[in-house]
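1. Predicted coordinates and the sequence they were generated for:
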Amino acid sequence: MDIGWVILVFALATVGTTVLGLLSKWVDRKVTARIQWRVGPPWYQTIADVAKLLGKETIVPATARKWTFLLAPVVGFAGTAVAASVLWGANLSGTGFIGDLIVVVYLLTMPSLAIIVGGIASGNPVSALGASREMKLVFSYELPFILALVTVIIQAGGTLRLNGILEHQAASGMVIGSFSGVIAFLVAILCGQAKLGLVPFDIPEAETEIMAGPFTEYSGAPLAVFYLMKALLLATVPIFLITVFWGGFREGWQVLWTVPVYVLILVLFVLIRNTNPRLRIDQALKFFWFGLTPLSALAVVLAIFGL
C-alpha cells in the first residue's frame, strides 16, 4: 500500500475519531448535567476547552524530567490514534494484518502507560500517587478484558485478525448473540469503564482526594493533548467493542443499526458513571480479580463448548 495513502487514512481516522470523541464527551457532560438537574454545557464546550488550554502557558515543574513529562501525552494520543486507524481500516476497507487484534489491545494500553509515565516524571508526590493507582488499575482490569476477547477469538475459529472476526460475524451472526458473548460483552464494558477512567474507576484522578492525580502538574498544550487523548479514547473503545462483539460498522442503510449501538454503549458508560460511587483501589482490584475474572473465564468455557 502506498505510504501517502496510509498517512491520509491515518490523518482522516485520527481527526474524525477525535471529533466524534469530543461530541461523545459533550453528550456525557450534558446527560450528567440533566441527571443532576443542571442545564449543562453547549455543544461546542469541549472544543472551547481545548482551545483555551492551547492558549495557556505550559509550566514545567523544576523537579520534572522535562522531555519525559512533555512527551508522555503525545505518546498516549498517538497510540490511541493508531488503534482508531486500524479499527476504521478493518471496518470500512477490509484492510488489516495478522495479529492486528493483539496490536489494538496493546495500543489501547498506551493512554494508561502515558498517564503513569507522565505522573511519575512530574516529580510531584501527589501525581506519583495517582500514577501508582493507575498502574494497579491496569493490572487489575487487563486480565478479565483479555479473557473476554479470548471468548471472541474462540467463537471466530481462533483468528487474531479483526477482518476474520468481522467475516465470522457476517457469516454466523454477532458474537453478542450467544450466551458467552453476552457475558464477555458485559465484562468488556466494565473494563472499558476503567480504561476510560470514569466513575467508579476514576481512582487515579480522584479530584476530591488527590486533586487531579497524574495531571496535577500539567497545564497548557500538554494538558490539552491529554484532554484530546481522553476524548479519542472515549470514541475508540466503543468502536472496538462494536467491531468484536456487534459485527462492526455497517455501510449504506445498515449504518442505521450501527449508530444506535454506539449510542447504547456510550449511554451505558454514562449511566454507570452517574449511578455509582468511586471505589477504593483495593475494592477495584477485588472487583476485577475476584468478580470479573471468574465471570470472563466462565464465558471462555461456554465458548469452548459452543454456547
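-> Okay, I see it.
2. ok, now which ones touch the residue of the chain most remote from its centre?
-> Largest separation from the mean C-alpha position in the chain: residue 62, at 31.9 Å (CA atoms, centre = their mean). Residue 62 makes contact with residue 123, according to CB atoms under 8 Å, 6 or more residues apart in numbering. C-betas here are computed from N, CA, C, even on glycine.
3. what do you get for the one 10 residues further on?
-> Remark: with contacts taken as CB under 8 Å, 6+ apart, residue 72 is in contact with 114-115, 117-118, 121, 222.
4. Could you grab the helix/strand/coil label for the residue farthest from the centre of the chain?
-> coil (DSSP: H, G, I helix; E, B strand; the rest coil).
5. Sort out which of the contacts of residue 72 are buried, if you could.
-> Buried by 16 or more other CB atoms under 10 Å: 114-115, 117-118, 121, 222, out of the contacts of residue 72.
6. Could you report the separation of the residue farthest from the centre of the chain from residue 140?
-> According to CB to CB, to the nearest Å, residue 62 and residue 140 sit 34 Å apart.
7. repeat for residue 93
-> 36 Å.
8. count of neighbours near residue 291?
-> Residues within reach of residue 291, counting by other CB atoms under 10 Å, total 13.
9. Could you shift the numbering so residue one becomes 23, and keep it that way?
-> All right, first residue 23 from here; so that's residue 313.
10. Which one of residue 115 and residue 162 is surrounded by more residues?
-> residue 162 (23 against 10).
11. Was I right to think that one contacts residue 310?
-> Yes. Residue 162 lies in contact with residue 310 (CB atoms under 8 Å); the separation is 4.0 Å.
12. list the residues that contact both of the two?
-> Common neighbours of residue 162 and residue 310 (CB under 8 Å, 6+ apart) are residue 216.
13. hang on, the earlier thing: same list, the buried ones among the contacts of residue 94, but as a markdown table with secondary structure, pLDDT and distance to residue 286 please.
-> Listed next are the buried ones among the contacts of residue 94 as a markdown table, based on DSSP: H, G, I helix; E, B strand; the rest coil; pLDDT from 0 to 100; distance: CB to CB, whole Å:
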| residue | secondary structure | pLDDT | distance to residue 286 |
| --- | --- | --- | --- |
| 136 | helix | 95 | 29 |
| 137 | helix | 95 | 27 |
| 139 | helix | 95 | 34 |
| 140 | helix | 94 | 33 |
| 143 | helix | 94 | 38 |
| 244 | helix | 93 | 34 |
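14. Which single one of those is nearest to residue 202?
-> Closest approach to residue 202 among the buried ones among the contacts of residue 94 (CB to CB): residue 137, at 32.2 Å.
15. show me what contacts the closest one?
-> 94, 98, 152-153, 156, 226, 236-237, 248.
16. Relative to residue 96, how far out is it?
-> 13 Å.
17. next one: residue 102
-> From residue 102 to residue 96 the distance is 11 Å (CB to CB).
18. The two: which has the busier surroundings?
-> Between residue 102 and residue 96, counted using other CB under 10 Å, residue 102 has the larger neighbour count: 29 against 15.
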